[in-house]
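Q: Pasting a predicted model and its sequence here:
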There are 2 protein chains.
Amino acid sequence: MTTPDPDPAAAARGQGPRLYVPDAPLDGHATVDLPAAQSHYLRSVMRRGPGNAVVVFNGRDGEWRATVERLAKAGGRLLCRDRLRPQAAEAGPWLLFAPLKRGPVDLVAEKATELGVARLEPVLTRFTASTRVNTDRLRALAVEAAEQCRRLTVPEVAAPVALARIAETWPAERRLLVLAEHGDATPAARAFAEAAGAPAALLVGPEGGLADSELDALRQLDFVTMVRLGPRILRAETAAIAGLSLWQTLSGDWR
Amino acid sequence: MTTPDPDPAAAARGQGPRLYVPDAPLDGHATVDLPAAQSHYLRSVMRRGPGNAVVVFNGRDGEWRATVERLAKAGGRLLCRDRLRPQAAEAGPWLLFAPLKRGPVDLVAEKATELGVARLEPVLTRFTASTRVNTDRLRALAVEAAEQCRRLTVPEVAAPVALARIAETWPAERRLLVLAEHGDATPAARAFAEAAGAPAALLVGPEGGLADSELDALRQLDFVTMVRLGPRILRAETAAIAGLSLWQTLSGDWR
């Protein structure tokens, strides 16, 4: 995936542009074949050529320094050089979210990736504006964000699921924190502290909020905690970013 | 200020559209004269007419239910009816931020307002892309967001100030949490817990980050704490939203 908005400062601080190359095994002898889009990005956007440094990761073998062998219109090739970081688990929370308009949903995919989410899962709710979710687009945004924020993995983007059906396959040990706009709920500080140490998922509703019947049904599930993020009305994308930040601070890698 | 993107669900949950009317004193006998833009918004966007309910606040007298007397092209008039909520202090933190591109800076103004910021202050840093800051635009975005998120105040938008000069007028009791991308810093959980209970300000740098010399100078100031938001590279706007969420949870009105 290429990025339309490279961050030259970030590239300059590191060892060159950073690419996700999921199909290539990475080791000290590997060659990495690039598809046309990545070759074009390095050549025409980042102005790289033979011998220039690039950073690559594939989600399995850590992060590697590579150099450009060639960059052509049809594709390119990199030579893998030395490992910069070993692979590490990135055990962030899941984020379940109702499909939003394009601007906000793009923001959620990008920011959730920066904030270390492990899985993005669209859920269809009663007031969900649209049942069409472009998961390919969300996946592409997650790849871009993972490249830029220096993650070693890319979050999984799951197929959309109906909210009423999530309990059917829910893993017993994972707590679901529902970021609820109204009704009985635990204040954020206490809810996130109590959830610390166990796998977690966050759920944010659609622009119109979750229906009262949906909130009631969620309250019946023993893996659910209803959470209140303060007295103001937050937009869904704000609640998602806030919730992930709180989780990372109280349970995750911001401790 | 009118909003181009009303949230009908929020309006339906409340008592009608919500307007900031800073020039009108509000009490049980007040009439509220609306400028052309607000009259147009109520009439043409929200489809309101005489007798319909509107919610108003002015930042001083609490939140009031009003009804439409008339809405004309040149302006309108509301009749103030009953007080819905008394005025309350909204003592959120300050946010100091380097000017960003238009999309991200708009996001910062909107989300910071939702998250209860008391003051938005642009700071000019070495790597700040632009020294031009449209404070009128930021103020308009803050008004829109305050109307939609049900705040009782609108954050102040300060004039831009050079980072090197902030110490000259800094209030002694206010801690400045610098959200630093690199270098020595306190992990977020500890830094925000230690800062709890005192007035605070957060600082986020520009897209290119703060210069090493700027970070060194900040470290010399006794009101500064350097804070690290985890191992990934966060964009400036993500750091701002995350930092404000943490402050509200550990010190503010999300407890």
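A: In hand now; what should we look at?
Q: switch to C-alpha atoms for all contacts and neighbour counts from now on
A: Will do.
Q: Give me the neighbour count for the residue of the stretch 51-200 of chain A at minimum distance from chain B.
A: Going by CA to the nearest CA, chain B is nearest to A:C149 of the stretch 51-200 of chain A, at 4.5 Å. If you count neighbours by other CA atoms under 10 Å in any protein chain shown, A:C149 ends up with 21.
Q: mind listing what the residue lying closest to it once chain neighbours are set aside touches?
A: Sequence neighbours aside, B:I233 is the residue nearest to A:C149 in space, at 4.5 Å (criterion: CA to CA, 6 or more residues apart in numbering or on different chains). Contacts for B:I233 (CA atoms under 8 Å, 6 or more residues apart in numbering or on different chains) come out as A:114, A:148-150, B:181.
Q: Next up, phi/psi of the residue of the stretch 51-200 of chain A closest to chain B, please.
A: phi -90, psi 0 (degrees, to the nearest 10).
Q: Could you report the distance from it to A:G116?
A: As judged by CA to CA, to the nearest Å, A:C149 and A:G116 stand 9 Å apart.
Q: what about stretch A:93-105, how long is it end to end?
A: Separation of the first and last residues of stretch A:93-105 by CA to CA is 18 Å.
Q: Tell me where chain A is predicted with low confidence.
A: For chain A, residues meeting the criterion pLDDT under 70 lie at A:1-15.
Q: can you give me the helices for the stretch 151-255 of chain A?
A: A:188-194, A:212-219, A:236-250 (DSSP state H, counting those that start in this stretch).
Q: Pick the most buried one from those.
A: Among the helices of the stretch 151-255 of chain A, helix A:236-250 has the highest mean neighbour count (mean count of other CA atoms under 10 Å in any protein chain shown), at a mean of 25.
Q: Grab the CA positions of that one and hand them over as CSV.
A: Output of helix A:236-250 as CSV, limited to C-alpha atoms (Å, rounded to 0.1, in the frame of the first residue of the first chain):
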residue,chain,number,x,y,z
ALA,A,236,-18.3,8.0,17.7
GLU,A,237,-14.8,8.5,16.3
THR,A,238,-13.8,10.6,19.3
ALA,A,239,-15.1,7.9,21.7
ALA,A,240,-13.1,5.2,19.8
ILE,A,241,-9.8,7.2,19.9
ALA,A,242,-10.4,8.1,23.6
GLY,A,243,-11.2,4.5,24.6
LEU,A,244,-8.2,3.1,22.9
SER,A,245,-5.9,5.7,24.5
LEU,A,246,-7.3,4.8,27.9
TRP,A,247,-6.8,1.1,27.3
GLN,A,248,-3.2,1.5,26.3
THR,A,249,-2.5,3.7,29.3
LEU,A,250,-4.1,1.5,31.9
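Q: how many degrees apart are that helix and helix B:236-250 in direction?
A: Angle between the axes of helix A:236-250 and helix B:236-250 is 70 degrees (criterion: axes from the mean of the first three to the mean of the last three CA atoms, to 10 degrees).
Q: now for helix A:236-250, which elements pack on it?
A: In this structure, helix A:236-250 packs against helix A:102-114, helix A:188-194, strand A:200-204, helix B:188-194, helix B:236-250, with contacts taken as 3 or more CA pairs under 8 Å, 6 or more residues apart in numbering or on different chains; DSSP states H and E.
Q: For B:C80, find the nearest of those.
A: helix B:236-250 (32.3 Å; CA to CA).
Q: what about the closest one, distance to the chain center?
A: Relative to its chain's centre, helix B:236-250 lies at 12 Å (CA atoms, centre = their mean, to the nearest Å).
Q: who touches that helix?
A: The contact list for helix B:236-250 (CA under 8 Å, 6+ apart) reads A:111, A:188-189, A:230, A:238, A:241-242, A:245-246, B:92-93, B:95, B:104-105, B:107-108, B:111-112, B:115-117, B:179, B:192-193, B:196, B:202-207, B:229, B:254-255.
Q: Write the ChimeraX selection for whichever of those are buried.
A: In ChimeraX, a selection of the buried entries from the contacts of helix B:236-250 looks like this (16 or more other CA atoms under 10 Å in any protein chain shown):
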select /A:111,188,189,230,238,241,242,245,246 /B:92,93,95,104,105,107,108,111,112,115,116,117,179,192,196,202,203,204,205,206,207,229,254,255
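Q: Can stretch A:184-196 be said to contact chain B?
A: Yes. Stretch A:184-196 lies within reach of chain B by CA under 8 Å from any CA of the partner chain, at A:187-190.
Q: Just checking the distance from that stretch to the centre of its chain.
A: Its chain's C-alpha centre and that of stretch A:184-196 lie 23 Å apart, by CA atoms, centre = their mean.
Q: Pipe the helices of the stretch 151-255 of chain A into JSON lines and attach distance to B:P17 per row.
A: What follows is those, written out as JSON lines (distance: least, CA to CA, whole Å):
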{"stretch": "helix A:188-194", "distance to B:P17": "28"}
{"stretch": "helix A:212-219", "distance to B:P17": "22"}
{"stretch": "helix A:236-250", "distance to B:P17": "19"}
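Q: Any idea how far apart the tips of stretch A:40-53 sit?
A: OK, stretch A:40-53 end separation, CA to CA: 15 Å.
Q: How far away from the center of its chain is it?
A: Distance of stretch A:40-53 from the chain centroid (CA atoms, centre = their mean) equals 26 Å.
Q: One more: stretch A:79-88?
A: Distance, stretch centre to chain centre, for stretch A:79-88: 22 Å (CA atoms, centre = their mean).
Q: Going by distance to B:A24, which of the contacts of B:I233 wins?
A: Comparing those against B:A24 with CA to CA picks out A:E114 as the nearest, at 43.3 Å.
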